[in-house]
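>>> Next input, structure requested:
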Amino acid sequence: MRNILFIVAFFFSCFSYSQDDNFGSIAKQDSLKNAKPPINLYKIYNIQRDTTYVDTSLTIQSEYKYNLLRKDIFGLLPFSNEGHTYNTLDYSLNRKNIFPSFGFSAKHFNYLEVDDVKYYSVPTPLTDLYYKTVMEQGQSLDAFLTINTKPNLNFSIAYKGLRSIGKYVNNIASSGNFRFTSSYFTKDKRYILNAHFTGQDISNQENGGIVDVSQFESGADNFKDRERLEVYFDDATSLLKGNRFFIDHSFKLSKSNPNSLVFTHQFNHEYKFFEYTQPTVSSRFGSAFSSDINNKTRYNHLYNKVGVAYKTKALGDLEFFIEDNKYNYFYNSVVYDGSGNIAVPNSIADRINMIGGIYTYFANNLTAKLSVSQAISDQSISNIEANAKYKWDENIQLEFNFQKLNSLPSLNYTLYQSDYINYNWYNNFKTEKMNQFSFSANTKWLNLTAQYKVLNDHLFFDNTTNDITSLLVEPVQYNNTINYFSIKANKEIKFWKLALDNTLLYQSVEQTDDILNVPQLTTRNTLYFSEYVFKKAMYLQTGFTFQYFTKYYANDYNPLIGEFFVQNETKVGGFPLIDFFVNARIRQTRIFLKAEHFNSSRTGYDFYSAPNYPYRDFMVRFGLVWNFFK
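So this is what the prediction gives:
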């Protein structure tokens, strides 16, 4: 499928005309038919209707977004192989949902959720090709094509595929993300539809990390061949797979009156499963029921949201809605205790009904929004959100957010079954409570974001043995309050053809026990040079990126349950990561070449993404992003 989409997109692009960003004005009537549409007609928007445009420029953000996730991953620390998982340095990146999620969160970084899917409106067909080399014997490719068959009807199809063997034993990563979207609106824009289908699979060989870290840290020549390092598992594999069909549509009752009722509906049906297989039982997880481990967790989810809104120009928009969320999380077996009673059932099935309202007010430079929802079924969950955005002028934009959330635990906290005896549980946890305040200011002098969270009844995974060689992890609910504060500042300083882009994150946690562990300081600094060369036929960008975070008790990774867990025995961090890059832009083609972590052999082999999981060694990677406009 991946190769077919690439060939189709490439064949289509051969008959397309490249488009230049500098369109200029069209003065002559007889040239209109050959004129290229302006770039701001190539629109990209999400389900919240936030709109951006296709960007073919080469900026420092292009460098930051050139990765598997296609976004800036400041605050995420990747593992050694592309497509594995990420340790979270910036806790503010964690998002909670009022409804219980499937869980297995460490496997979802490369899984596209509803909010991650984009929709398009383009005057001519648009193709986007992404290619990047990987760690060993493989490639990363993202091929995308979108077209408007009519001004009011758009289709897009895309496939992102990855295969990378990696440097360590039993470390192959393989994934595929297929997505198909469609957007439609009637000519009078009374009816608007956005829909998508995704089919995704994320497979990883799981080696459990290296057994003897002293061999890695010694820097001995024979261990620089990473396949010589002994790992905990040589035959374990995890697989996350899911299909989703989503529809969001609305109908405006009045044809001409701007003050009108609007009926809305969202539909989401998704099926997922997470599977962990291991033909050889490992004593690291304790004793087992069988000699061949095969755990499979299944999940069905059906969601409907029906609303009616009254939209006015003078008083704002008022909407009322009802949500119906039905799920079935299940296994094909039950677990009995010593008395023959069922200790761990085979499923959790529930239906959650919510009622809520949203009020949005628009002024000249102010947009304010209040959202309230409350369960009307048996669950004691609720959500209150307040948001205000104020545009002072072109140079200053301010935003304030508040959220009070009572949410249900992820389902794998409540129920989990495994062929490993110690990994079977059925819990009845309380709802998690969170109060969150955030403020951001985007100015020409500095971009600043501050966040404060108060967490109660916080859930986490904990290793009961406090020994890294033995992983007996189980979910725990913390009974005390956790206070979390972060402030992030960003500023780019330009002089002549040089620029220095700086991002600094400070985090602080107040808690009775070490449950929520974060690095106090995280920084990224990029010094780069930009210039047109070859008579302005090429735009060149080259420089260095320095990244660093202070030592802290980083969460460890448990592949059996696809989750990170709290540990307070081994600190990670305190090592510099320096990359050298040379990027170039020729028309709509951006070429990327990077020497990643080239200081690895000079600053000591003490770099880890998690305890026993080394970060990446020095390597050179390259690739491109290529856009075609017909």
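
>>> show me where the stretch 501-630 of the chain has strands.
521-533, 538-549, 556-558, 563-565, 577-586, 589-596, 608-610, 613-614, 619-629 (DSSP state E, counting those that start in this stretch).

>>> next SSE after the lowest-mean-pLDDT helix or strand in the chain?
Here the helix or strand of the chain ranked lowest by mean pLDDT, DSSP states H and E is helix 2-14, holding a mean of 40. Counting by DSSP states H and E, the next helix or strand C-terminal to helix 2-14 is strand 43-45.

>>> Tell me the helices and strands packed up against that following strand.
Helices and strands touching strand 43-45, by 3 or more C-beta pairs under 8 Å, 6 or more residues apart in numbering; DSSP states H and E, are strand 51-53, strand 119-121. The C-beta positions use only the backbone N, C-alpha and C, and glycine is treated the same way.

>>> Can you give me the buried ones in the helix or strand just after the first one?
So that's strand 51-53. Downstream of strand 51-53, the next assigned helix or strand under DSSP H and E is helix 60-64. Across helix 60-64, burial judged by 16 or more other C-beta atoms under 10 Å covers 60, 62, 63, 64.

>>> From the chain's centroid, how far away is helix 60-64?
Put simply, helix 60-64 sits 17 Å off its chain's centre (C-alpha atoms, centre = their mean, to the nearest Å).

>>> So for it, mean pLDDT?
In this model, helix 60-64 carries a mean pLDDT of 96.

>>> Is it correct that residue 498 is in contact with residue 531?
No: with contact defined as C-beta atoms under 8 Å, residue 498 does not reach residue 531; the gap is 10.0 Å.

>>> intersection of neighbour lists for those two?
Common contacts of residue 498 and residue 531 (C-beta atoms under 8 Å, 6 or more residues apart in numbering): none found.

>>> what bits of the protein have low per-residue confidence?
1-35 (pLDDT under 70).

>>> gap between residue 172 and residue 81?
Distance, residue 172 to residue 81, using C-beta to C-beta, to the nearest Å: 8 Å.

>>> out of those two, which sits in the busier spot?
residue 81 (24 against 19; other C-beta atoms under 10 Å).

>>> ok, and the more buried one, which helix or strand is that part of?
Using DSSP H and E, residue 81 falls outside every helix and strand.

>>> what's the nearest residue to it if we skip its chain neighbours?
residue 166 (3.5 Å; C-beta to C-beta, 6 or more residues apart in numbering).

>>> How about residue 325?
residue 352 (4.4 Å).

>>> any idea how far residue 593 is from that neighbour?
Distance from residue 352 to residue 593, by C-beta to C-beta: 50 Å.

>>> same deal with residue 434?
Counting by C-beta to C-beta - residue 434 and residue 593 are separated by 43 Å.

>>> out of those two, which sits in the more crowded spot?
A side-by-side neighbour count of residue 434 and residue 593, using other C-beta under 10 Å, places residue 434 first with 19 against 16.

>>> who are the neighbours in contact with that one?
Contact partners of residue 434, counting by C-beta under 8 Å, 6+ apart, are 96, 403, 404, 405, 407, 453, 454, 455, 456.

>>> which residues touch the most centrally placed residue in the chain?
Central residue of the chain (C-alpha atoms, centre = their mean): residue 109, 4.7 Å from the mean position. Shown in contact with residue 109 (C-beta under 8 Å, 6+ apart): 69, 76, 85, 86.

>>> repeat that with 6 Å
residue 86 (C-beta atoms under 6 Å, 6 or more residues apart in numbering).

>>> Phi, psi for it please.
phi -60, psi -40 (degrees, to the nearest 10).

>>> roughly how far apart are it and residue 200?
12 Å.

>>> want to throw the strands of the stretch 501-630 of the chain into CSV with distance to residue 493?
Shown next, in CSV, are the strands of the stretch 501-630 of the chain (distance: least, C-beta to C-beta, whole Å):
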stretch, distance to residue 493
strand 521-533, 10
strand 538-549, 13
strand 556-558, 37
strand 563-565, 36
strand 577-586, 19
strand 589-596, 22
strand 608-610, 30
strand 613-614, 34
strand 619-629, 26
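
>>> Tell me which of those strands sits nearest to residue 229.
strand 613-614 (8.6 Å; C-beta to C-beta).

>>> Adjacent strands (with direction) for that closest one?
In the sheet, strand 613-614 lines up against strand 608-610 (antiparallel) (DSSP bridges).

>>> What lies in contact with the strand it pairs with?
With C-beta under 6 Å, 6+ apart, strand 608-610 has contacts from 77, 79, 87, 554, 556, 557, 572, 614, 615.

>>> want to try TSV for these, with distance to residue 266 and neighbour count as columns?
As requested, these are arranged in TSV below (distance: C-beta to C-beta, whole Å; neighbours: other C-beta atoms under 10 Å):
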residue	distance to residue 266	neighbour count
77	34	25
79	35	25
87	33	21
554	37	26
556	37	24
557	34	25
572	41	27
614	43	23
615	40	20
